[in-house]
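J.: 3D model of this:
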Amino acid sequence: MKFGVSLWLWTAPVTNEVIEDYAPKIAELGFDTVEIPLEDPTELDCYRARKAVEDSGLSLTTCAAMGGGRDLIHPEKSVRDDGMKYMKESLDAAEKLGSELFVGPLASEVGRLWESDDIQREKETQLLVSQLREVADYAASKDIIICLEALNRFETSFLNLTSQVCDVVDRVNHPNCKVMIDLFHAGIEEKNLGDAIRSAGDNLYHFQVAENDRGTPGTGQFDWEGIAKALKEIGYDRHIIIETFTQDNELLAKAAAIWRPLAESPDQLARDGLPFLKKLLK
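T.: You can find the predicted model right below:
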C-alpha cells in the first residue's frame, strides 16, 4: 500500500514549476506518491515532470480534470468528441509521466446536472460503456488502467453510487477499466462506506480520502475503523491518496466549494493526515 497526496491540496493549475516545487516537499512529509491532475495535458512537459518526481523518490498517479467541454455522454457529439480527445491526450501524458493509473469522474463534466428517466439513463449508460471501452483500449496500449469515480449529487446527476460505477465497469468488461472510490463523495451518498468498499471488491484499483468535511482524515465523522476493516477484507494494497483542495486558489476553491479553511494550512493537513492513515491501515 502506498500513501499519496494530490497537488490540488496546495494549488492549481498544476504546472512543471508546481511539480518541481512540491515533489520534494511531499517526499519530505513522508508520502510515497504524488497525484498529478492533468488539467491541460498538452501544456505539461511530461518528461521534465517525471524527472522531478523520480528525483524526489516518489511514484505518481494521474487524475482527470473534468471541466467544461470534457464530457463523454453529452447530448452534442462535438462535445463528446472533445471529451474523447481529452481522454487520449491525458493518457498520452500519463504514459510519458510513467503513471500506471488515470482516474476520476470520467463520465461527464463536473457540475453538469440533468434529469433522466429510466429509458434515458439506460441510453446514457450504454453510451458511456461504449466510450469507456474505446478509452480502455487506448489505455491498454500504454499499459495504463483507467478508474471511474462516482460523485455526489451536487456535482453530477449521473453516477452517484459505487454500485452504479461497478455496473458500468462490469458492462465495459475490460481489464484496463476499474473502479475507484473517493470517500468524500461516498460519505454523502452511500448508506455504509464499508459495504461500498466491499461491493467494489477486486475491481477497486484506486482510493482517495478526506474527512466528511473534506478536511484532515481522522478529524470528523467517518467510521475509519470500518473503512480499514473493509479494505483489509478485500485485500486492497494499492494507493491511498489524500485529495482535497486549497482555499487559496479562487478558481479551484469555487469549483470544489471550499468556503473556509479546512486546516491550519495545506501542509498541516498533509502532516496530520498521513500518520493517521498509516497507523490505521498498516
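
J.: average pLDDT across the helix or strand harbouring I181?
T.: Assigned by DSSP states H and E, I181 belongs to strand 177-182. On average, the pLDDT along strand 177-182 is 98.

J.: find the nearest non-adjacent residue to E43, please.
T.: T15 (7.8 Å; CB to CB, 6 or more residues apart in numbering). Every residue, glycine included, has its C-beta placed from N, CA and C.

J.: repeat that for L113.
T.: The shortest distance from L113 to any non-neighbouring residue, by CB to CB, 6+ apart, is to S157 (4.5 Å).

J.: report how many residues lie close to the one you found.
T.: 15 (other CB atoms under 10 Å).

J.: and what of E122?
T.: Neighbours of E122 (other CB under 10 Å): 11.

J.: hang on, it in a strand?
T.: No: E122 is assigned helix when assessed by DSSP: H, G, I helix; E, B strand; the rest coil, not a strand.

J.: what's the per-residue pLDDT of it here?
T.: pLDDT, read off for E122, is 98.

J.: could you report the pLDDT at L251?
T.: Predicted confidence (pLDDT) at L251: the value is 75.

J.: re the thing from before, which secondary structure elements does the strand holding I181 contact?
T.: With contacts taken as 3 or more CB pairs under 8 Å, 6 or more residues apart in numbering; DSSP states H and E, strand 177-182 sits against helix 118-140, strand 145-148, helix 162-172, helix 193-200, strand 204-209.

J.: change it to 7 Å
T.: Packing partners of strand 177-182 (3 or more CB pairs under 7 Å, 6 or more residues apart in numbering; DSSP states H and E): strand 145-148, helix 162-172, helix 193-200, strand 204-209.

J.: quote the end-to-end distance of stretch 167-184.
T.: End-to-end distance for stretch 167-184: 21 Å, by CA to CA, to the nearest Å.

J.: so which bits of that stretch are buried?
T.: Under the neighbour-count criterion of 16 or more other CB atoms under 10 Å, stretch 167-184 has 168-169, 171-172, 174, 176-184 buried.

J.: which residue, other than its chain neighbours, is closest to A257?
T.: F154 (7.9 Å).

J.: kindly report the same for L132.
T.: L132 sits nearest to V172 (CB to CB, 6+ apart), 4.9 Å away.

J.: from S163, how far out is V18?
T.: Per CB to CB, to the nearest Å, V18 is found 36 Å from S163.

J.: more neighbours: these two, which one.
T.: V18 (17 against 14).

J.: now do the buried residues in whichever helix or strand comes after the strand holding I181.
T.: With elements assigned by DSSP H and E, the helix or strand that comes after strand 177-182 is helix 183-189. In terms of neighbour count (16+ other CB under 10 Å), helix 183-189 has its buried residues at 183-187, 189.

J.: would CSV of those residues with distance to A200 be doable?
T.: Output for the buried residues of helix 183-189, formatted as CSV (distance: CB to CB, whole Å):
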residue, distance to A200
L183, 12
F184, 16
H185, 14
A186, 10
G187, 15
E189, 14
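
J.: list just the nearest of those to G215.
T.: Using CB to CB, F184 comes nearest to G215 of the buried residues of helix 183-189, at 9.7 Å.
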